[in-house]
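*Asks:* below are the sequence and a predicted model; questions follow.
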Amino acid sequence: MITIIVLAILSAIAVPNFRNLIHRHQITSATNNLVGAFAYARSEAVSRGTFVSLCPSTDGATCATTTAYDTGWLIYTYPIGTDGADQSYDAAKSIFQLLRNIPRQQNISIVAKDNKIITYGQQGQLKRPIPSDGSPPISFVVCNKNDAGEASNTSGVPGTRIDLSGAGGARSKTLAAGLGCTLD
């Protein structure tokens with residue numbers, strides 16, 4: 001009987017900690033996937049000498065006009081031409097080539113600062129103006145979704161912020177406990 005009680009106490013302590021460990025791993029994995037996607041898009045833009053863009057996608061075939069990237073995203077290329085950067089992916093047009101289709105991220109919230117397409121130029125730079133206040137031109141927040149399906153940032157399961165510089169590099173940092181999972 002004592003053994004069962006001891007096991008019950010240990011289980012009561014271990015299960016919540018293990019659950020938090022799993023959630024932290026999911027956030028780290030999603031953050032690394034997104035940072036890796038930026039690095040891939042940047043290197044492909046340089047090696048191909050074309051525009052390479054990322055956009056959120058809900059169906060894996062078209063760009064969505066949303067700030068939510070947890071539904072998945074597309075990485076695609078198209079030639080530098082008169083239409084310019086930030087073109088939305090269109091499979092019907094032969095100028096577009098889909099490079100990667102990243103599927104939905106389970107139990108994770110990924111929110112961008114805005115719903116604009118992210119494009120890298122042939123020199124690896126972002127094709128987006130740098131804000132006059134010195135803030136990064138593109139930012140994301142990656143958080144765990146709680147049991148109610150809402151994004152949450154706690155001390156046990158902290159979220160991550162990803163900032164892209166004007167040169168195209170990505171940097172991530174852990175969110176302080178208590179900060180929201182939005183970019184206001």
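*Replies:* That came through fine.

*Asks:* what ranges do the strands span in this protein?
*Replies:* 51-56, 73-78, 97-102, 108-112, 118-120, 138-145, 151-152, 160-164, 170-174 (DSSP state E).

*Asks:* okay if I get the ones you listed as CSV plus distance to H23?
*Replies:* The C-beta positions use only the backbone N, C-alpha and C, and glycine is treated the same way. Formatted as CSV, these follow (distance: least, C-beta to C-beta, whole Å):
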stretch, distance to H23
strand 51-56, 22
strand 73-78, 21
strand 97-102, 20
strand 108-112, 9
strand 118-120, 27
strand 138-145, 5
strand 151-152, 9
strand 160-164, 12
strand 170-174, 14
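
*Asks:* pick out the residue closest to the middle of the protein.
*Replies:* By C-alpha atoms, centre = their mean, the chain has its centre lying nearest to L34, at 4.2 Å.

*Asks:* residue contacts, that one?
*Replies:* L34 makes contacts with 69, 110, 140, 142, 162, 170, as judged by C-beta atoms under 8 Å, 6 or more residues apart in numbering.

*Asks:* what do you get for V46?
*Replies:* Residues near V46 by C-beta under 8 Å, 6+ apart: 120, 122-124.
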